[in-house]
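Novice: What would the 3D arrangement of this be:
(2 chains)
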Amino acid sequence: DIQMTQSPSSLSASVGDRVTITCRASQSINTYLNWYQHRPGKAPELLIYAVSILQSGVPSRFSGSGSETDFTLTISSLQPEDFAVYYCQETYSMSPTFGGGTRVEI
Amino acid sequence: EVQLVESGGGVVQPGGSLRLSCAASGFTFDEHAMHWVRHVPGRGLEWVSLISGDGAGTYYADSVKGRFTISRDNNKNSLYLEMESLRTEDTALYYCARDRNVVRGVYFDYWGQGALVTVSS
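Specialist: Residues are numbered from 1 along each chain as shown, chains lettered A, B, ... in the order given. Sure thing, here's the model as predicted:
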């Protein structure tokens, strides 16, 4: 099975900060890497798919990059509604795996 | 508008069974594979199971293999998860999610609001 390791597991930031979250796969996953936002009491929401493609309706302050095994989610200017848990996900395998999550707190 | 609505959650004793349903609307159901994903409070998201659009292909996480069965009824636009031999560690909020497969990637683009399953004596 493919393992997905996110770092950090949590971070504290302020409105307006630039935030970077990393995700490492245990093997090459090509471009099968997605990012989701999960707010308390809400369903997870797709932010970015295929490493860097912004899902329709997602603000442009979110961006993704990377290749093979190392990937990054960047929030260019943190907004109050961005405080949530972020997950990377590989869909290279038939048993898609999520990273452990990164909690972004004030 | 795409909608996914889970039902069937509840409290069950260890060793018991439960069946979750997910009613889909707003899209051509049989054109999409579907997934179940669970979230344990304080822990992360865990993928549980996948079923192909025609129902012929099914896949399971090792943690539920042999105990859970995913199925679908394309005539009723419904997805199911039959859970047996439930354990306390199966306690979670269970989401159904739609699979989207495009040239550049595969992702879960729509999610339901979840059905809470509590396994406790």
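Novice: Please count neighbours and contacts with C-alpha atoms only from this point.
Specialist: Noted.
Novice: Okay, now the unreliable bits of chain B?
Specialist: Residue ranges of chain B with pLDDT under 70: none are present.
Novice: Can you pull the residues of it lying near chain A?
Specialist: For chain B, the residues found near chain A under the criterion CA under 8 Å from any CA of the partner chain are B:43-47, B:49-50, B:59-61, B:95, B:104-114.
Novice: Give the phi and psi angles for A:Glu90, as a check.
Specialist: Comment: the main-chain dihedrals of A:Glu90 come out as phi -100, psi 140, following degrees, to the nearest 10.
Novice: Name the helix or strand for the spatially most central residue of chain A, please.
Specialist: Against the mean C-alpha coordinate of chain A, by CA atoms, centre = their mean, the closest residue is A:Trp35 at 3.7 Å. Counting by DSSP states H and E, the element that carries A:Trp35 is strand A:33-38.
Novice: Now the element after that strand, going C-ward?
Specialist: strand A:45-49.
Novice: and the very next helix or strand once past that next one, how far from the chain's centre?
Specialist: Heading C-terminal from strand A:45-49, the first helix or strand you meet, by DSSP H and E, is strand A:53-54. Between the centre of strand A:53-54 and the centre of its chain there are 12 Å (CA atoms, centre = their mean, to the nearest Å).
Novice: Sheet partners, orientation included, of strand A:53-54?
Specialist: Strand A:53-54 has these partner strands in its sheet, going by DSSP bridges: strand A:45-49 (antiparallel).
Novice: From what I see, B:Phe27 and B:Val2 are in contact.
Specialist: Yes - distance between B:Phe27 and B:Val2: 6.1 Å, which falls inside the contact criterion (CA atoms under 8 Å).
Novice: Can you spell out which helices and strands pack onto the strand holding A:Trp35?
Specialist: strand A:45-49, strand A:85-90 (3 or more CA pairs under 8 Å, 6 or more residues apart in numbering or on different chains; DSSP states H and E).
Novice: can you put the ones you listed in a markdown table and add mean pLDDT?
Specialist: Converted to a markdown table, those look like this (pLDDT from 0 to 100):
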| stretch | mean pLDDT |
| --- | --- |
| strand A:45-49 | 98 |
| strand A:85-90 | 98 |
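Novice: That'll do, ta.
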